[in-house]
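>>> Dropping the sequence and predicted coords here.
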Amino acid sequence: MQFTCDRNELLEAVMTVSKAMAQRTSIPLIEGILLKGENGLLELFCTDLKLSIKSTIRADFDGMFSCVMPGKLFTEVVRRLPEDDVHITLEEGNEGSYKVTILCRDSRTTLTALDAEQFPRVEEAIDEDAVEIEERVLKAMIRQTAFAVAQDNTRPIFTGELLEIEGDSINVVALDGFKFAMRTAKLSKETPTRRCVVPGRVMLEVMRILGDSSDIVRLHFSGKNFMLQKDSTRVITRLLEGDFIRYSQIIPKDSTTMVRVAVDDLRAAISRAELIAADDRVNLVKFAIGDDEIVVTSNSESGNVREKVNCMTQGAHLDTAFNIKYIGDALRALECDEVVLHLTSSISACVLKPAGEEQFLYLVLPVQI
């Protein structure tokens, strides 16, 4: 069996599916990439049994075939090929294996592939009412919330991101007990109501696959499964089970102090303060909020820093403190010129919203000092 395909298309597919390739597992077969040829299409597939990614490209061949290529080695071979058509030949080798010859211009590489019969199969989660959304919008929603996903398994449900779909609106929500992030977007059409939690790692891989175009991608929810459909690529996973907190209860409804400040100015001050706070056990940064300025300070054994940031303040003066990483993550996620900080007291949560819009909301708990 021999087939021919474009090197760049093959490389893009290999790099996409390899994000789901198992690493150092007790099942060596899933450390490979499944190649399956049928009806003039070459399907590439990887799974670590939690995350599965499938991508399909055009290829020139007759008949049907399947094999499992050594994942890391095949990826590197394809990555280093010249830009030209790739000719791949499969010949039966020893029992349960194939000799695979890869030709591209003057390059010739021979690898050993395994039989695909025992490779795990994952069914696509097809949803007739799939949610349609621009890929650039979904990418931004994940980028602006993923930093708030829990990094430990104390409460497994918080290691994922909540997707809420109602009517023509979609929310992506993440929290870990110290910080909370929510991004909202409008859909082009109304869809059935859904509320489910997708693993955070899967959302990050989805973000890396998505581009910055206005092309439509589809989100499928079928039973306990989730699937992203982008052109000929599918990302499939199991949804997390459990009760995600009814987060509306934790968002403060009122504030006594509102501060409007340029994002770039506050972000720069925090960035410089991080140099000092990094040596402090609690990574502390203090805000002293006055009429027209925020004084940002940080102290550690390495030294201290004091930054003055111009702002517009409504309400009472206030002194508060935060873990500098949490407040810094929020500011880095913002894609606006100005942000409004809503505060009630030095020990109450601070809510950050882009000035003049409600698409993003970030909440961070203060540190008591």
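Now that the structure is in, tell me what you want to look at. Remember, it's a predicted structure, so these values are computed and weren't measured experimentally.

>>> what's the neighbour count on residue 50?
12 (other Cβ atoms under 10 Å). From N, CA and C alone the C-beta is placed, and that goes for glycine too.

>>> Surely it and residue 237 touch.
Yes - if you go by Cβ atoms under 8 Å, residue 50 and residue 237 touch, sitting 6.5 Å apart.

>>> Overlap of the contact sets of these two?
Contact criterion Cβ atoms under 8 Å, 6 or more residues apart in numbering; residues shared by residue 50 and residue 237: residue 199.

>>> hey, where'd the helices end up in this protein?
Ranges of helices in the chain, per DSSP state H, are 7-17, 71-79, 135-143, 200-209, 263-277, 324-333.

>>> Mean pLDDT, distance to residue 358 and mean neighbour count for the ones you listed - can I get that in TSV?
Below are the helices of the chain laid out as TSV (pLDDT from 0 to 100; distance: least, Cβ to Cβ, whole Å; neighbours: other Cβ atoms under 10 Å):
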stretch	mean pLDDT	distance to residue 358	mean neighbour count
helix 7-17	96	34	20
helix 71-79	96	43	17
helix 135-143	96	14	20
helix 200-209	96	22	20
helix 263-277	92	16	19
helix 324-333	91	16	21
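
>>> Nearest approach to residue 109 belongs to which of the ones you listed?
helix 71-79 (5.3 Å; Cβ to Cβ).

>>> can I get the CA coordinates of that closest one in CSV?
Extracted in CSV, the C-alpha atoms of helix 71-79 (Å, rounded to 0.1, in the frame of the first residue of the first chain):
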residue,chain,number,x,y,z
GLY,A,71,4.4,9.0,17.8
LYS,A,72,7.4,11.2,18.7
LEU,A,73,9.6,9.8,16.1
PHE,A,74,7.1,10.1,13.3
THR,A,75,6.3,13.7,14.3
GLU,A,76,10.0,14.7,14.2
VAL,A,77,10.5,12.9,10.8
VAL,A,78,7.6,14.8,9.2
ARG,A,79,8.6,18.1,10.8
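
>>> same for it, what does it pack against?
helix 7-17, strand 32-38, strand 107-114 (3 or more Cβ pairs under 8 Å, 6 or more residues apart in numbering; DSSP states H and E).

>>> ok, back up a step: switch the helices of the chain over to TSV; also include distance to residue 187.
Formatted as TSV, those follow (distance: least, Cβ to Cβ, whole Å):
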stretch	distance to residue 187
helix 7-17	25
helix 71-79	36
helix 135-143	9
helix 200-209	17
helix 263-277	27
helix 324-333	22
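
>>> how about low-confidence regions in the chain?
Residue ranges of the chain with pLDDT under 70: 279-280, 282.

>>> hmm, back to that, please identify which of the helices of the chain is closest to residue 121.
Residue 121 sits nearest to helix 7-17 of all the helices of the chain, at 14.4 Å, using Cβ to Cβ.

>>> For that closest one, what is the distance to the chain centroid?
From the chain centre to the centre of helix 7-17 is a distance of 20 Å (Cα atoms, centre = their mean, to the nearest Å).
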